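Novice: Give the three-dimensional model of this entry:
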Amino acid sequence: MGVPTFYRWLCSRYPRVVIDVGENHVQEMREELRQKKEQQRQQAAKEKEATSTDGQENNDAETTEEDFAYDCLYLDMNGIIHPCCHTDDGSCPATEEEMFLSIFQYVDRIVDIIRPRQLLYLAIG
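Specialist: Just a heads-up that it's a prediction; the model follows:
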């Protein structure tokens with residue numbers, strides 16, 4: 001059993017704690033970050049050009065995993081177990097083994113997308 005309205009409180013108190021992601025999250029974040037850094041580099045080059053320049057180019061457009069890495073991933077397993085055991089069309093896995101396999105595949109998929117560096121917290125209540 002979960003804590004009533006905890007998710008709503010968490011989102012209102014810490015609006016950046018929840019992020020919508022998809023299969024291409026890492027690639028999208030990398031591209032977005034690359035574009036931002038390129039814009040910053042161009043702006044800095046314009047400002048340098050307006051003043052004095054020493055002829056050296058600073059290449060800050062390179063992105064690293066650190067630029068879009070996540071330290072922690074907290075999963076409410078109630079929100080994963082239930083959909084894996086009872087699909088929208090009313091069907092259920094034929095065996096308990098299929099049910100657990102579905103849950104494990106779902107969690108693996110999420111972890112592969114987010115790739116938390118320090119903590120994976122699975123809350124089951």
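
Novice: According to the record, where do the domains of the protein fall?
Specialist: 21-63, 70-125 (automatic domain parsing).

Novice: Which one, of the ones you listed, ends up nearest to R13?
Specialist: Ranking the domains of the chain by their distance to R13 (criterion: Cβ to Cβ) puts domain 70-125 first, at 14.5 Å. Where you see a C-beta, it was placed from the backbone N, CA and C, and this is true even at glycine.

Novice: So in this protein, which helix runs the longest?
Specialist: helix 25-50 (DSSP state H).

Novice: Quick one: mean pLDDT for that one?
Specialist: Helix 25-50 shows an average pLDDT of 82 in the prediction.

Novice: Mind giving me the packing neighbours of it?
Specialist: Here helix 25-50 touches helix 96-114, going by 3 or more Cβ pairs under 8 Å, 6 or more residues apart in numbering; DSSP states H and E.

Novice: Could you export the helix or strand following the helix it packs on as PDB, CA atoms only?
Specialist: Secondary structure here is assigned by DSSP states H and E; on that basis, the next helix or strand after helix 96-114 toward the C-terminus is strand 119-123. Output for strand 119-123, consisting of C-alpha atoms alone and laid out as PDB, is shown next (Å, rounded to 0.1, in the frame of the first residue of the first chain):
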ATOM      1  CA  LEU A 119      21.200   3.800  -6.500                       C
ATOM      2  CA  LEU A 120      18.300   1.800  -7.800                       C
ATOM      3  CA  TYR A 121      15.500   1.900  -5.200                       C
ATOM      4  CA  LEU A 122      12.600  -0.600  -5.700                       C
ATOM      5  CA  ALA A 123       9.700   0.400  -3.400                       C
END
